[in-house]
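In: Quick one: sequence plus predicted model below, questions after.
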Amino acid sequence: MKITTSSYISAAGAFLNGQQKFTFRETNWQKECYQQLGLDYPKFHKMDHLSKMTVLATELIYSEGHLNALMDDEPELLFANANASQHTDMKFIESYTQQGNPSPSLFVYTLPNILTGELAIRHKWYGENTFFITPQFDSSLFAERLYHAARKGGNWCLCGWVESKVDEKNKVTEECFLFLVALTDNTADRSSFAAALDELLTNYRNGNSGNLNR
Amino acid sequence: MENKVFLSYGTLVTPIGIGIDANFHSLKNGISGIQQREHSGFKQENWFLSTLDDLSENRFDALLEKALSDLKKSYSETVLSAPETRFILSSTKGNIDNLPGDVFSSARGIIHRQTNNPNDVIVISNACISGVIAINTAADYLRYSDCDNVIVIGIDIVSDFVLFGFQSLFALSDEPARPFDKNRKGISLGEACGIIVASREKTHTSAVEYLAGASSNDANHISGPSRTGEGLFRVVNKTIERAGIHRSDIDFISAHGTGTLYNDEMESMAFTRCELQNTPVNSLKGFFGHTLGAAGVIEVIVCMLSLEHQLLFESKGFEETGTTQEMNIIQQTHAAPVHTVLKTASGFGGGNAALLIRK
């Protein structure tokens, strides 16, 4: 198990392998990131924030090359967050309590695993997918599930921690941390892998240039 | 050499019964939980739902409490509280009344308090394939981690949120759901809690061997199934391959069969592509409605009942072939030799999952 590439995006900017790629000025920083990446994918604009962030952070990882070479069912998608689809859930509730009708276009995003569906559609991936809910980023759960995937003969996992939460004052907290793992590389045990993951995310959250020497 | 994995039923709490025996009795007698519920819709429509009558105000928590209390009648505190026992909760929406707060925190608390288990509860929220993925995940823990038992809890309730959502998609049927039937009109939502105990040892009389499982994505659409059934086709093949069996070994398929036009059509395409169109198949959504995150778990429990009693249950609501590809839909509950069972699920986000069990 070895992290070959990682990316992180939040309102503070977009990072790839610990290096800052973009800074954002706009309130709609996800659209700004889309423009900076030069993407042409109209579906993007219909997505919820979880899916948008995941698509963007995956584009960053894609630019590093590894993902291009994979078979269409090879990258297993292993995702998690703490609040499921809470942000869209609140918008959907508003659609039928305050705006007169339950909105079907919001309802379809009221499940966290929709983002893995959006990724699968974007990149034509047919492989395994799981979405976990953990109270905070749980590096040991990722390490354990990656170990299981390796034992089952998998080669690659694209993992992510993607959060979009709105509080009572309408303040939105968002981040997306992705890491691509080569399962066949046997250089880390589960606990040191988990510790490295925690350190990587902490560095990203603190805006530090990450240390990628694992 | 991998550890063997066995699945036993823990409990089943549904509108047609509290406990395994009560549900078996209702299934055998063709009793469905789906009833017309007055003013349940967004504009007071009278939708057909499979709902529990006797839950207190806090319905999700009350259902979980009830199921765990019933589980404790057949599994000792020693097993439930052991550090080598893990809990996996499968649910699409958790306790939705807790929004904007954490919808899964009350479930975590209830499980810890009722069982004294020291481990973090693993929560899987992967739309309608959550239950099958949860069982597959449990098997991985038993095979590859230091773990003796994994208790898989599948639970979801019918809420305004989910009901209004499916209504907005025009996905609800104005009569009890009729999976695979020519005149099917959509789904009937349901609520239930099922608990499966996955173990390394064959400790319970109901135990069946878990052979293999997998998941896949259609890579096609987030809220509609693939017309060709690509994801389901792939996941069934992968599961058969992992189990190391022949497709002709499969005696029965417990399909997803929601009762929507597109889903059931997709499944007929996929099973035909898998050359399983002659294998007896049913959907249990005509009995329980679509219970979302609970569906995979409660339907695997019914598969275990088929294996235990050598009995295939009717696909309730089905009368006439209504899919492009004809399948061998079970029209009447009948005795039959059943050894190997395939369970499948498909859901929003384009997800598909499958598993194989054998007795």
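Out: Arrived safely, thanks for sending.
In: Going by C-alpha atoms from here, please, whenever you check contacts or count neighbours.
Out: Will do.
In: Smallest distance to chain A belongs to which residue of the stretch 251-359 of chain B?
Out: Distance from chain A to each residue of the stretch 251-359 of chain B (Cα to the nearest Cα) is smallest for B:Gly349, at 4.3 Å.
In: residue ranges of the helices in chain A, please?
Out: If you assign secondary structure with DSSP state H, the helices in chain A sit at A:29-36, A:49-62, A:86-97, A:104-107, A:114-123, A:139-151, A:190-205.
In: Report the contact partners of B:His246.
Out: Counting by Cα atoms under 8 Å, 6 or more residues apart in numbering or on different chains, B:His246 touches B:Ile240.
In: Next: B:Asn95.
Out: The contact partners of B:Asn95, by Cα under 8 Å, 6+ apart, come to B:Phe60, B:Asp61, B:Val103, B:Phe104, B:Ser106, B:Ala107.
In: ok so, going back, of the helices of chain A, which is nearest chain B?
Out: Go through the helices of chain A one by one with Cα to the nearest Cα and the one that ends up closest to chain B is helix A:114-123, at 4.1 Å.
In: how big is the angle separating that closest one from helix A:49-62?
Out: Between helix A:114-123 and helix A:49-62, the angle comes out at 40 degrees (axes from the mean of the first three to the mean of the last three Cα atoms, to 10 degrees).
In: neighbouring contacts of helix A:114-123?
Out: A:50-51, A:54-55, A:77, A:79, A:108, A:125-126, A:129, B:217-222, B:348-351.
In: ditto for stretch A:157-166
Out: If you take Cα under 8 Å, 6+ apart as the criterion, stretch A:157-166 is touched by A:49-50, A:53-54, A:74-87, A:137, A:142, A:146, A:172-183, B:100.
In: Quick one: mean pLDDT for that stretch?
Out: The predicted model gives stretch A:157-166 an average pLDDT of 98.
In: who touches whatever residue of the stretch 151-300 of chain B ends up closest to chain A in this structure?
Out: Among all residues of the stretch 151-300 of chain B, B:Ala219 sits closest to chain A, at 4.1 Å; criterion: Cα to the nearest Cα. Contacts were defined as Cα under 8 Å, 6+ apart; by that measure B:Ala219 touches A:Gly117, A:Glu118, A:Leu119, A:Ala120, A:Ile121, A:Arg122, A:His123, A:Lys124, A:Trp125, A:Tyr126, B:Gly231, B:Gly350.
In: now B:Leu284
Out: With contacts defined as Cα under 8 Å, 6+ apart, B:Leu284 is in contact with B:Ser254, B:His256, B:Gly257, B:Glu299, B:Ser315, B:Lys316.
In: Mind putting those into TSV with distance to A:Phe22, secondary structure and neighbour count?
Out: Written out in TSV, the entries for those read as follows (distance: Cα to Cα, whole Å; DSSP: H, G, I helix; E, B strand; the rest coil; neighbours: other Cα atoms under 10 Å in any protein chain shown):
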residue	distance to A:Phe22	secondary structure	neighbour count
B:Ser254	50	strand	24
B:His256	45	coil	29
B:Gly257	46	coil	30
B:Glu299	48	helix	25
B:Ser315	55	coil	27
B:Lys316	56	coil	28
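In: With pLDDT and distance to B:Arg37 added, can I get these in CSV?
Out: Conversion of these to CSV gives the following (pLDDT from 0 to 100; distance: Cα to Cα, whole Å):
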residue, pLDDT, distance to B:Arg37
B:Ser254, 98, 27
B:His256, 98, 24
B:Gly257, 98, 22
B:Glu299, 98, 24
B:Ser315, 98, 23
B:Lys316, 98, 19
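In: sorry, back to before: on the three-state scheme, the residue of the stretch 151-300 of chain B closest to chain A is what?
Out: When classified by DSSP: H, G, I helix; E, B strand; the rest coil, B:Ala219 comes out as coil.
In: Can you tell me the closest non-neighbouring residue to it?
Out: In this structure, B:Ala219 finds its nearest non-sequential neighbour in A:Ile121, 4.1 Å apart by Cα to Cα, 6 or more residues apart in numbering or on different chains.
In: Low-confidence ranges, chain B, go.
Out: Across chain B, the stretches falling below the confidence threshold (pLDDT under 70) are B:1.
In: Residue numbers of it in contact with chain A?
Out: Counting by Cα under 8 Å from any Cα of the partner chain, the residues of chain B close to chain A are B:92-93, B:99-100, B:102-103, B:122-127, B:133, B:140-141, B:144-145, B:161, B:164-166, B:168-169, B:214-223, B:231, B:348-351.
In: And those, which of them are buried?
Out: Burial by neighbour count, 16 or more other Cα atoms under 10 Å in any protein chain shown: within these this picks out B:92-93, B:99-100, B:102-103, B:122-127, B:133, B:140-141, B:144, B:161, B:164-166, B:168, B:214-223, B:231, B:348-351.
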